[in-house]
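*Asks:* pasting a predicted model and its sequence here:
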Amino acid sequence: MHTKKEFIQDIKENEAIIYKVARIYSNNTEDRKDLYQDIVYQLWKSYNSFKRESKISTWMYRVALNTAIGFLKKEKRKGHQVSIDISLLNKIDPVDGIFEERIELLYKYIKELNVIERGIILLHLEGKNYDEIARITGFTNTNIGTRLGRIKQKLKSKIKTQ
Amino acid sequence: MEYDEMKILWDGMNQKIEEQKILTDKLILDMTKERYENKLRAISIPETIGALICFALATYIMIHFNKLNIWYLQVLGGFTIALCIIMPILSLKSIRKMTSIDISSNTYKESLIAFYRNETKFKRIQKISFYVSFLVLISAVITLGKIEKDIDVFIMTEKLKWMIPSGIGLLFIFTQWVLKKYKKVTTSAKDILKDLEN
């Protein structure tokens, strides 16, 4: 049985994961805020089933990505939200103007990918190796390699045409 | 922007995010509270309202069933009651299934397959429901006409002359709209499923 204190600690240490997943799978700040809360809630709900056999970050990516799948279709099914000040969530956005613009562009390209590709590229950009990506996504290492090749190609042509 | 450049940007962003931790204990606790899970999220509001209206209509016709004194009106009444009960149940069940993915132990692939399979099923049921609701609307109008005003539409031959063709015309327009609306959604779900199987 894990305690609330442990949960808070784990969330605080890995809050960047939640932020990045929420940003990639949402189209505006309001949706991002909603998904962010949904992920934290789902993490708490399944926290006791986490046996610490894998890294906490692996488990968090899995829960966050799985929550995001349902969220993509749930945009009109919003419920009650905790009153988080939106500016609070925006604070983690980079403050450097040019850098922010480039990050915005990076997210834009990623969001143009389909739901399978978004998850894989996120984990790859996060520096996860094929084994870790396979554990989180359930695809084989070979399949991940093939998909990553295709994703990079797709991104390259998207960037070229824009 | 090449992939390597993307990676450098991503790492730069990560560094900035790490520097700007925002979550407080209170904020995390607020987000974990049961009361913030809106039960209506799992069951769509329009479908729930629709189901309640259908159940109310079915109950009303059941109560006044004895006013339907001719066999074809009784058949229509029975048909309306049955559909008003079965269709919302099927629809709500498929929504529940769509949102009941094991988030904690499923891999991303398993969740995607489960989600898009269930979504395709749900859309199919929703499509059928649209067609059926049109029939329910007609049978309910006839049944309620008899219960409320003691009107038997089938003996009003003059009115039937224009009611039947306009009903068919309306059904045609309605069907085209439904087909167009759902084709796009199901095609995209099928594409994802096909991609996952590769």
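*Replies:* Arrived safely, thanks for sending. Keep in mind that what you see is a predicted model, and the values were worked out from it rather than measured.

*Asks:* toward the C-terminus, what is the element adjacent to the helix or strand harbouring residue A:101?
*Replies:* Residue A:101 belongs to helix A:97-111 when assigned by DSSP states H and E. Next helix or strand after helix A:97-111 toward the C-terminus (DSSP H and E): helix A:115-125.

*Asks:* the next helix-or-strand element following that following helix - what's its average pLDDT?
*Replies:* Remark: after helix A:115-125, the chain's next helix or strand is helix A:130-137, criterion DSSP H and E. Mean pLDDT, helix A:130-137: 93.

*Asks:* need the residues that contact helix A:130-137.
*Replies:* Residues outside helix A:130-137 that contact it (CB atoms under 8 Å, 6 or more residues apart in numbering or on different chains): A:54, A:58, A:61-62, A:65, A:119-120, A:123-124, A:128, A:139-141, A:144-145, B:107-109. The C-beta positions use only the backbone N, C-alpha and C, and glycine is treated the same way.

*Asks:* after it comes which helix or strand?
*Replies:* helix A:141-161.

*Asks:* what is that following helix packed up against?
*Replies:* On a contact count with 3 or more CB pairs under 8 Å, 6 or more residues apart in numbering or on different chains; DSSP states H and E, helix A:141-161 meets helix A:97-111, helix A:115-125, helix A:130-137, helix B:3-19.

*Asks:* redo those as CSV? Include mean neighbour count.
*Replies:* CSV is the format used below for the helices and strands packed on helix A:141-161 (neighbours: other CB atoms under 10 Å in any protein chain shown):
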stretch, mean neighbour count
helix A:97-111, 14
helix A:115-125, 22
helix A:130-137, 20
helix B:3-19, 15
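
*Asks:* how about low-confidence regions in the chain?
*Replies:* In the absence of a named chain, chain A is used. A:1-2, A:72-96, A:162 (pLDDT under 70).

*Asks:* oops, chain B please
*Replies:* In chain B, residues with pLDDT under 70: B:1, B:34-44, B:99, B:157, B:160, B:185, B:198.

*Asks:* residue nearest the middle of the chain, spatially speaking?
*Replies:* Using chain A. Nearest to the geometric centre of chain A sits residue A:21, at 1.5 Å (CA atoms, centre = their mean).

*Asks:* actually it's chain B I care about, not the one you picked
*Replies:* Centre-nearest of chain B using CA atoms, centre = their mean is residue B:126, 4.9 Å out.
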